[in-house]
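A.B. asks: Have a look; sequence and predicted model below, questions after that.
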2 protein chains.
Amino acid sequence: MSGPHPARRTFLGSSLGALAGASLSACSSTPLSAGSRVSPSPPGSLIAPGDVVLFQGDSITDAGRDKALVTPANSQRAFGSGYAWLAACGLLVARPGEKLAFFNRGISGNKVFQLAERWDVDCLSLRPDVLSILIGVNDIWHARGGDYDGTVETYERDYDALLKRTRKALPEVKLVICEPFLLRCGAVDDTWFPEFDTYRAAARQVADTYGATWVPFQSMFDEASEFAPPEFWAGDGVHPTSAGAALMAQAWMRAVGA
Amino acid sequence: MSGPHPARRTFLGSSLGALAGASLSACSSTPLSAGSRVSPSPPGSLIAPGDVVLFQGDSITDAGRDKALVTPANSQRAFGSGYAWLAACGLLVARPGEKLAFFNRGISGNKVFQLAERWDVDCLSLRPDVLSILIGVNDIWHARGGDYDGTVETYERDYDALLKRTRKALPEVKLVICEPFLLRCGAVDDTWFPEFDTYRAAARQVADTYGATWVPFQSMFDEASEFAPPEFWAGDGVHPTSAGAALMAQAWMRAVGA
């Protein structure tokens, strides 16, 4: 008996752990104290108590957030309803005492150069401890549509410059680079490939160059499509459904050791 | 070796299981085939393949859903961003092949009699296999404010009649009754108690009468408030934060054996 109300603690401790995908409490057959069940951070987690975590990207990250709400942290309306909010929820409920602060600054339609245009305000001034970026699908999509003259070389060069600038301004920032992905349905057909794969490779290259944690969304969705049709995960092949967003959140949490 | 790409399957299988709080895959030290990792439903789960699951309630369930969108199932915009969507996400990602269909028909401000007024359209006509209801806080809140003359007896009588009507129309429906809850912060002070506890007891009574699965939100939040201040879980004491909604989703999934 390690504290008051052991039965109730067991219920809550398991709930808290489960949403974050933290299997420790669920797997343990030995009752643990509340303190060891919930918090501190798992060993090796990228995210430490008190961290400011910023999600950046395009519509997949934006996910309908209310852009007039820049504060407070962790607000659902300010976060939209995508993988970023789901991942934030997972961390907040698993580590309630750690004063984690999550922000979302994704904007629909953005390509890398548009992140760069608003980087001072929408990234550097927030001084994130952890910065997660998912960008790339518009860099190829808008070029295919004739609205943008960038190439994969533009994408990689702009992305590299953005991370170089970030590292210079925030030397200690922990970077998370998310793999751009497509599902083969909706707006996406075979004509996107193999060109799209070169964008994925470019993202991986900059992630490696800057020592970022990599979130392998494409391979995840490739495998997920063996369990349910691509439309189940992203109706138009680009924007995740509820299930797709939830799966992304899980992969993100796993990648950062949440 | 039970299939192609075992390493990738392990990654996805764990992801799928974790969000739903399904500890089987996470706990297993033995690699399982894809088929046994993901689906079928866990033994004893209230939710079976192909089930239509309906969430009903007030603002906590509503959570900003777009009420013009009555279909399709599982749509985030049609679902809002509360515990109901988070729970649906958890189930969808854990059991992608089961063709589960989630709907939300919560409406802000509703009391039990207002559910009854729209029950034919917003419940019975949907013919849910699983019906989850969270209602009660407005039944006491609006009475305290002088805008409603109902009492706890009204609440219990109306709730009982609603479930009797539901059982008659849908004899096989699997019922989930969620405990009304308050956090001691924001709009909630000691003057709500012990009266509010009588509403919780009434909800429990009707749950028992109709053989419903019970989701103990109050005891969950009481315990959660030992880990972080009540405001962390529900800023005004009534409406959950991101963390509060995520914790509710976990408790809901646990209660239905998701």
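C.D. replies: Nice, thanks for sending it over.

A.B. asks: who's in contact with the lengthiest helix in chain A?
C.D. replies: The residue-count maximum for a helix in chain A (DSSP state H) belongs to helix A:152-169. Helix A:152-169 is contacted by residues A:111-113, A:115-116, A:119, A:123-124, A:131, A:135-136, A:139-140, A:150, A:173, A:175, A:195, A:198-199, A:202-203, A:205-206, A:209-210, A:212 when judged by CB atoms under 8 Å, 6 or more residues apart in numbering or on different chains. All C-beta atoms are positioned from the backbone trio N, CA, C, and that covers glycine.

A.B. asks: Restricting to C-alpha, output that helix in CSV.
C.D. replies: Included here for helix A:152-169 are C-alpha records, laid out as CSV according to Å, rounded to 0.1, in the frame of the first residue of the first chain:
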residue,chain,number,x,y,z
VAL,A,152,12.3,19.2,-54.8
GLU,A,153,15.6,21.1,-54.9
THR,A,154,13.8,24.2,-53.8
TYR,A,155,12.1,22.3,-51.0
GLU,A,156,15.3,20.8,-49.7
ARG,A,157,17.2,24.1,-49.9
ASP,A,158,14.4,26.1,-48.2
TYR,A,159,13.9,23.4,-45.5
ASP,A,160,17.7,23.3,-44.8
ALA,A,161,17.9,27.0,-44.6
LEU,A,162,14.9,27.1,-42.2
LEU,A,163,16.5,24.6,-39.8
LYS,A,164,19.9,26.3,-40.0
ARG,A,165,18.2,29.6,-39.0
THR,A,166,16.3,27.8,-36.3
ARG,A,167,19.4,26.2,-34.8
LYS,A,168,21.2,29.5,-34.8
ALA,A,169,18.4,31.3,-33.0
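
A.B. asks: Can you name the element that comes right after that helix?
C.D. replies: Under the assignment DSSP states H and E, the closest C-terminal helix or strand after helix A:152-169 is strand A:174-178.

A.B. asks: What is that next one packed up against?
C.D. replies: strand A:130-134, helix A:195-209, strand A:213-215, helix A:242-255 (3 or more CB pairs under 8 Å, 6 or more residues apart in numbering or on different chains; DSSP states H and E).

A.B. asks: what's the pLDDT at residue A:256?
C.D. replies: For residue A:256, the pLDDT comes out at 97.

A.B. asks: swap in residue A:215?
C.D. replies: On the pLDDT scale, residue A:215 gets 98.

A.B. asks: Surely it is in contact with residue A:253?
C.D. replies: No - counting by CB atoms under 8 Å, residue A:215 does not reach residue A:253; the two are 9.6 Å apart.

A.B. asks: Touching, residue A:143 and residue A:149? I think so.
C.D. replies: Yes - with contacts counted by CB under 8 Å, residue A:143 reaches residue A:149, the gap being 6.9 Å.

A.B. asks: before we move on, the earlier item: mean neighbour count and distance to chain B for the helices and strands packed on strand A:174-178 - can I get that in TSV?
C.D. replies: As requested, the helices and strands packed on strand A:174-178 are exported to TSV (neighbours: other CB atoms under 10 Å in any protein chain shown; distance: least, CB to the nearest CB, whole Å):
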stretch	mean neighbour count	distance to chain B
strand A:130-134	25	17
helix A:195-209	18	15
strand A:213-215	19	11
helix A:242-255	27	4
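
A.B. asks: Can you give me the distance of residue A:244 to residue A:86?
C.D. replies: 11 Å (CB to CB, to the nearest Å).

A.B. asks: Please apply the same query to residue A:212.
C.D. replies: From residue A:212 across to residue A:86, the span is 21 Å (CB to CB).

A.B. asks: and those two? which has more neighbours close in?
C.D. replies: residue A:86 (30 against 21; other CB atoms under 10 Å in any protein chain shown).

A.B. asks: need the contact list for that one.
C.D. replies: A:245-246, A:248-249, B:86, B:89.

A.B. asks: Looking at these, which is nearest residue B:77?
C.D. replies: residue A:245 (12.3 Å; CB to CB).

A.B. asks: That closest one touches residue A:82, doesn't it?
C.D. replies: Yes - between residue A:245 and residue A:82 there is a contact under CB under 8 Å: 5.1 Å.

A.B. asks: Output the lowest mean pLDDT helix or strand found in chain A.
C.D. replies: helix A:23-27 (a mean of 27; mean pLDDT, DSSP states H and E).

A.B. asks: List the contacts of stretch A:225-243.
C.D. replies: A:59-60, A:82-83, A:137, A:141, A:182-188, A:221, A:224, A:244, A:247-248, B:12, B:16, B:34, B:38-39, B:74-76, B:79, B:85, B:88-89, B:92-93, B:96-97.

A.B. asks: what pLDDT, on average, does it get?
C.D. replies: Mean predicted confidence for stretch A:225-243 is 97.

A.B. asks: Grab the CA positions of that stretch and hand them over as PDB.
C.D. replies: Extracted in PDB, the C-alpha atoms of stretch A:225-243 (Å, rounded to 0.1, in the frame of the first residue of the first chain):
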ATOM      1  CA  SER A 225      -3.700   0.700 -45.700                       C
ATOM      2  CA  GLU A 226      -3.400  -3.000 -45.300                       C
ATOM      3  CA  PHE A 227      -5.900  -3.000 -42.500                       C
ATOM      4  CA  ALA A 228      -8.400  -0.600 -43.900                       C
ATOM      5  CA  PRO A 229      -8.700   1.200 -47.300                       C
ATOM      6  CA  PRO A 230      -6.700   4.400 -47.800                       C
ATOM      7  CA  GLU A 231      -9.900   6.400 -47.700                       C
ATOM      8  CA  PHE A 232     -10.400   5.300 -44.100                       C
ATOM      9  CA  TRP A 233      -7.200   7.100 -43.200                       C
ATOM     10  CA  ALA A 234      -7.400  10.200 -45.500                       C
ATOM     11  CA  GLY A 235     -10.500  10.700 -47.700                       C
ATOM     12  CA  ASP A 236      -8.800  12.800 -50.300                       C
ATOM     13  CA  GLY A 237      -5.400  11.100 -50.000                       C
ATOM     14  CA  VAL A 238      -3.900  14.200 -48.300                       C
ATOM     15  CA  HIS A 239      -6.000  15.200 -45.300                       C
ATOM     16  CA  PRO A 240      -6.400  12.700 -42.500                       C
ATOM     17  CA  THR A 241      -9.700  11.400 -41.300                       C
ATOM     18  CA  SER A 242     -10.400  11.100 -37.600                       C
ATOM     19  CA  ALA A 243      -8.700   7.700 -37.700                       C
END
